[in-house]
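A.B. asks: okay, here's the prediction I keep looking at, along with the sequence it came from:
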Amino acid sequence: MDIQAEAPGRQAVPIGGHVAPGFEKVRDAFEANFANGSECGASVCAMHAGRVVVDLWGGYADPARTKPWQQDTIVNMMSVAKGPVSVALMQLVEAGKVDLDAPVSRYWPEFAANGKQHIPVRWLLDHRAGLAVLDPNLDRGAIYDWPRMVAALAAQRPLWAPGSQAGYHILTMGFLVGEIIRRVSGLSPGAYLRRHVTGPLGIDYQIGLLPDEIARVATFIQATEGTIFDVERTAPGSLLAKAWKEIPTDEDFNSAAWRTSEIPGANGHGNARAVARLYACLAQGGALEGVRVLRPATISLMSAEQHNLTEIIMNRTYHQGLGVLRNSPPIVWMGPNAGAFGHHGVGGAIGFADPEAGIGFSYAMNQMHARLDNGPRAGGLIAALYRCL
């Protein structure tokens, strides 16, 4: 299907893909995002009971609007990455290679330094480890240096009494969880995902792009004013400001270093089709088209609520699972069912599973919005999807 969406005072934008009969409302909502001028390029996908019912892409992959978004276009989906990385770790839990209640130092001995010897693995996943930022910070650019980042985290003293409160580990979670994956499996988290999760499922989602994948990446159009990326100006002494200190000041999340490095909490590149397929697998009990990723009991463990605390980095209240969020309106709305779980990314991207409805859903875009929730673009698409069920 090729259609055009008219934006007021703008040229029509190309939209491709298909929707199953009865799911036309999602197409209407997708077109509306372009027509009202809030979108540059995006994709949306939904699977219901294991079959694709929505698979749409449209707009442009570049801010100049000269390169149409293609079926295989991928984009930086930011913290959506926390879900796939957590699935990887839960595979090791399921295999008996990692115990969630064992100290991290069992698998990473250096981590025991400075009073961290009793921190359990589960607190790395639910943001209670007290390592939300590096303090003292490393120099700009250290984010691309895996050994330096994990060595600094291993040496650091917790910022608060571990387990006593939650603080969103925006970037550090990926290094903490990823180092457990690396120590136990011998593979970097990006390589582990390719071999054991995304590869077997046949999904186009990567942490650490290969050279031949870069040509398909849409430009991430960063917003600064009014967003978390403005905090170094507005609240320079805050913990949130410290979260960005290892990132170069000129990084717009499009550099070769950002795209090819492994920053597992924040730089997964994919599209809605890929992420919806992963969550559809989880919504179906962990198997899809003959490929099993996790057992149902492991999915229940991962998605079970660990706490409902107001985390202290961005002052948001989440129904927190193990590396994923349970439905947490108004910040992260995943439809009407409380048992839905997944993760959003700064700027508007999201992926989630709703086992009760049999849904795997994702939305990916390149035009970042200046909001703290997952916003009206994703919200309109999700609402339209549930009206079709």
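C.D. replies: Structure's in. What do you need? Numbering: from 1, shown residues only.
A.B. asks: residues near Leu210, how many?
C.D. replies: By other C-beta atoms under 10 Å, the residues close to Leu210 number 11. (C-beta placed from N, C-alpha, C; glycine too.)
A.B. asks: ignoring the adjacent residues along the chain, who's closest to it?
C.D. replies: Once flanking residues are discounted, Leu210 sits nearest to Thr260: 7.8 Å by C-beta to C-beta, 6 or more residues apart in numbering.
A.B. asks: separation between the residue most central in space within the chain and His344?
C.D. replies: By C-alpha atoms, centre = their mean, the mean C-alpha position of the chain lies nearest to Val80, the distance being 0.8 Å. Per C-beta to C-beta, to the nearest Å, Val80 is found 7 Å from His344.
A.B. asks: what do those two both touch?
C.D. replies: Ile350 (C-beta atoms under 8 Å, 6 or more residues apart in numbering).
A.B. asks: and the residue nearest to the residue nearest to the centre of the chain when sequence neighbours are not counted, what pLDDT?
C.D. replies: Spatial nearest neighbour of Val80, chain neighbours left out: Gly345 (4.2 Å); criterion: C-beta to C-beta, 6+ apart. What the model reports as pLDDT for Gly345 is 96.
A.B. asks: isn't Gly345 up against Ser79?
C.D. replies: Yes: the pair Gly345 / Ser79 is scored as a contact, 4.4 Å apart, by C-beta atoms under 8 Å.
A.B. asks: between these two, which contacts overlap?
C.D. replies: Common neighbours of Gly345 and Ser79, using C-beta under 8 Å, 6+ apart, are Ala266.
A.B. asks: what's around the residue nearest to Val80, how many residues?
C.D. replies: When neighbours are defined as other C-beta under 10 Å, Gly345 has 25 of them.
A.B. asks: what's the answer for the one 5 residues further on, then?
C.D. replies: Taking other C-beta under 10 Å as the criterion, the count of residues near Ile350 is 31.
A.B. asks: look at the nearest residue in space to Ser105 that is not next to it in sequence and give its secondary structure.
C.D. replies: Counting by C-beta to C-beta, 6+ apart, Ser105 lies nearest to Ala112, which is 3.8 Å off, once chain neighbours are set aside. Recorded secondary structure, Ala112: helix (DSSP: H, G, I helix; E, B strand; the rest coil).
A.B. asks: and Ala112, what's its pLDDT?
C.D. replies: Model confidence at Ala112, expressed as pLDDT, equals 98.
A.B. asks: go on, the one 5 residues further on?
C.D. replies: Turning to Gln117, the model gives it a pLDDT of 98.
A.B. asks: who's in contact with it?
C.D. replies: For Gln117, the contact set (C-beta under 8 Å, 6+ apart) comprises Pro103, Ser105.
A.B. asks: ok, it to Pro162 distance?
C.D. replies: For Gln117, the distance to Pro162 - C-beta to C-beta - is 10 Å.
A.B. asks: again, but for Ser300
C.D. replies: Noted for Ser300: a distance of 25 Å to Pro162, by C-beta to C-beta.
A.B. asks: and Glu24, by the same measure?
C.D. replies: Plainly put, Glu24 is 50 Å away from Pro162 if you go by C-beta to C-beta.
A.B. asks: ok, now Cys40?
C.D. replies: Per C-beta to C-beta, Cys40 is found 41 Å from Pro162.
A.B. asks: the more surrounded of the two?
C.D. replies: Ranked by neighbour count (other C-beta under 10 Å), Cys40 and Pro162 place Cys40 first, with 23 against 17.
A.B. asks: residue ranges with poor pLDDT in this protein?
C.D. replies: Scanning the chain for pLDDT under 70 picks out 1-11.
A.B. asks: wait, isn't Met90 in contact with Leu322?
C.D. replies: Yes: Met90 lies in contact with Leu322 (C-beta under 8 Å); the separation is 7.1 Å.
A.B. asks: need the overlap of contacts for those two.
C.D. replies: Leu301, Met302.
A.B. asks: CA atoms of stretch 202-221 as CSV?
C.D. replies: Taking Å, rounded to 0.1, in the frame of the first residue of the first chain, the C-alpha atoms of stretch 202-221 are listed here in CSV:
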residue,chain,number,x,y,z
GLY,A,202,14.8,-12.7,12.5
ILE,A,203,14.4,-9.1,13.7
ASP,A,204,16.2,-6.0,12.5
TYR,A,205,17.4,-4.6,15.9
GLN,A,206,21.0,-4.1,16.8
ILE,A,207,23.1,-2.6,19.6
GLY,A,208,26.4,-1.7,17.9
LEU,A,209,25.8,-1.3,14.2
LEU,A,210,28.0,-3.0,11.7
PRO,A,211,29.4,-0.9,8.8
ASP,A,212,27.0,-2.3,6.2
GLU,A,213,24.0,-1.4,8.4
ILE,A,214,24.7,2.3,8.8
ALA,A,215,23.3,3.4,5.3
ARG,A,216,19.8,2.4,6.4
VAL,A,217,19.8,4.6,9.6
ALA,A,218,17.4,7.6,9.7
THR,A,219,18.8,10.8,11.2
PHE,A,220,17.7,11.2,14.8
ILE,A,221,16.4,14.8,15.1
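A.B. asks: next, the buried residues of that stretch.
C.D. replies: For stretch 202-221, burial by neighbour count (16 or more other C-beta atoms under 10 Å) applies to 203-209, 213, 216-221.
A.B. asks: looking at these, which one is closest to Ser185?
C.D. replies: For the buried residues of stretch 202-221, the closest approach to Ser185 (C-beta to C-beta) belongs to Ile207, at 14.3 Å.
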